[in-house]
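Engineer: Fold the following for me, if possible:
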Amino acid sequence: MGKDYYKTLGIPKGSNEEEIKKAYRRMALRFHPDKNKDANAEEKFKEIAEAYEVLSDPKKRVIYDQLGEEGERVYVPGGSSSSGAPGSSTYHYTFHGDPHATFASFFGGSNPFDMFFGSNRNHSQQDMDMEEDDPFAHFGRQFGFPGGMNNGFPGEGRRRRGVQSERLGAGRKHQDPPVVHELKVSLEEIFHGCTKRMKITRRRLNPDGRSMRTEDKILNIVIKKGWKEGTKITFPKEGDETPENIPADIAFVLKDKGHAHFKRDGSNIIYNCKISLKEALCGCTVSIPTLDNRVISLPCHEIIRPGTVKRLRGEGLPFPKSPSQRGDLIVEFSVRFPDRIPPQSREIIRQHLPQS
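Structural biologist: Got it, this is the predicted structure:
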């Protein structure tokens, strides 16, 4: 005796597409093994998925309807009957799918219960049977679905349109906080702008919605001219994906690398220029390097005191919002004092330097 898929879903043979969906929704929620702890719930859940897979597919349903409830014989083109009657071959449909995958595909996720019931409601058999015709009709009205739930579960509508849903049926899914990495960049990279390629390894779900695989991905991080330290670049949902989690965002936060010559102050850069006491008192011309590998000659004719600052306009970093304009290169002077002075030189200095 073959399986009676209509009886499995509790519907008459002439049921239409919406009635088949409605029946599957009711029966699948009633016998889902996560909610129904009866010993035969898992097997019943599989039978319901098998029935739905056949009856919801027009081609499979036509063949099934031609065979009758036994499901033992199928017409084979070119068979022994020339009148179009069933041939001598036999057929029995075998369900090779995953009932949980069928459930997730229909509802748009693996667990629609949390969205409707919440954590404080008792998921009993009585809950499932509160409305025999459609146990979730009043929930549809509560959540503002047009016509209650009778027009099909919202996740099913999106499935037909080929749009993957992470909202309904995935009520228990949550997104972890962003995974933040520090990204060190040089002042030259900030000056010119650059693109960094970062390789990440992450877990992703397979098409069955349950098993996972590990894969590598290259993220291209475009760093624009003048970006400030602390700038965050976010790649949405590039983290690990599991049946329970929405992938976390991955974020990179810019951090300045140390530099041999310069320090950063916003869009300005600071250069410490060391000169001798003689140069500080008698004047000199110093050579100041720049981030674009030029050298600027800076004459200093006046006396340079410790802490003296000179500003070279427009020789700093580009402004983030206006890269054609630049900050300043600030030259801070430090004076190297001698460790000792010969007595005769000391006497000459004493005679010529002012007393106050």
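Engineer: give me the number of residues near the nearest residue to Val295 once chain neighbours are set aside?
Structural biologist: With sequence-adjacent residues excluded and distances taken as CB to CB, 6 or more residues apart in numbering, Val295 is closest to Ser287, at 5.1 Å. All C-beta spots, glycine's among them, are computed from the backbone N, C-alpha and C. Neighbour count of Ser287, defined by other CB atoms under 10 Å: 9.
Engineer: give the contact list for Ser287.
Structural biologist: Ser287 is in contact with 295-298, counting by CB atoms under 8 Å, 6 or more residues apart in numbering.
Engineer: you'd agree it is in a strand?
Structural biologist: Yes: applying DSSP: H, G, I helix; E, B strand; the rest coil, one finds Ser287 inside a strand.
Engineer: What does the pLDDT read for the residue nearest the centre of the chain?
Structural biologist: Nearest to the mean C-alpha position of the chain, counting by CA atoms, centre = their mean, stands Lys237 at 0.4 Å. pLDDT for Lys237: 91.
Engineer: And it, how close does it get to Leu183?
Structural biologist: Look at Lys237 and Leu183: by CB to CB, to the nearest Å, they are 19 Å apart.
Engineer: One more: Arg350?
Structural biologist: As judged by CB to CB, Arg350 and Leu183 stand 57 Å apart.
Engineer: Looking at the two, which is more packed in?
Structural biologist: Higher neighbour count among Arg350 and Leu183: Leu183, with 17 against 9, using other CB under 10 Å.
Engineer: which element is the more buried one on?
Structural biologist: Following DSSP states H and E, one finds Leu183 within strand 179-185.
Engineer: Just checking: what are the partner strands of that strand?
Structural biologist: strand 250-256 (parallel) (DSSP bridges).
Engineer: quick one: contacts of the following helix or strand past the strand it pairs with?
Structural biologist: Downstream of strand 250-256, the first helix or strand assigned by DSSP H and E is strand 262-265. Outside of strand 262-265, the residues within contact range by CB under 8 Å, 6+ apart are 187, 229, 256, 269-271, 291, 317, 330.
Engineer: Can you list the low-confidence ranges for the stretch 151-300 of the chain?
Structural biologist: 151-172 (pLDDT under 70).
Engineer: rerun that using 90 as the cut-off
Structural biologist: Residue ranges of the stretch 151-300 of the chain with pLDDT under 90: 151-177, 200, 202-205, 207-212, 240-246.
Engineer: for the stretch 1-150 of the chain, which spans come out with low pLDDT?
Structural biologist: Applying pLDDT under 90 to the stretch 1-150 of the chain flags the ranges 1-5, 13-14, 33-43, 46, 53-54, 57-150.
Engineer: follow-up on the earlier one: show me the two of the contacts of strand 262-265 that sit farthest apart.
Structural biologist: Largest separation among the contacts of strand 262-265 by CB to CB: Glu229 and Tyr271, giving 18.2 Å.
Engineer: who's more crowded, the two?
Structural biologist: Comparing Glu229 with Tyr271 by other CB under 10 Å, the one with more neighbours is Tyr271, at 22 against 13.
Engineer: That one and Arg264, how far apart?
Structural biologist: Taken as CB to CB, the span from Tyr271 to Arg264 is 11 Å.
Engineer: sorry, back to before: from the contacts of Ser287, which would you call buried?
Structural biologist: Neighbour-count burial (16 or more other CB atoms under 10 Å) is assigned, among these, to Leu298.
Engineer: burial count for Phe333?
Structural biologist: Counted with other CB under 10 Å, Phe333 comes out at 20.
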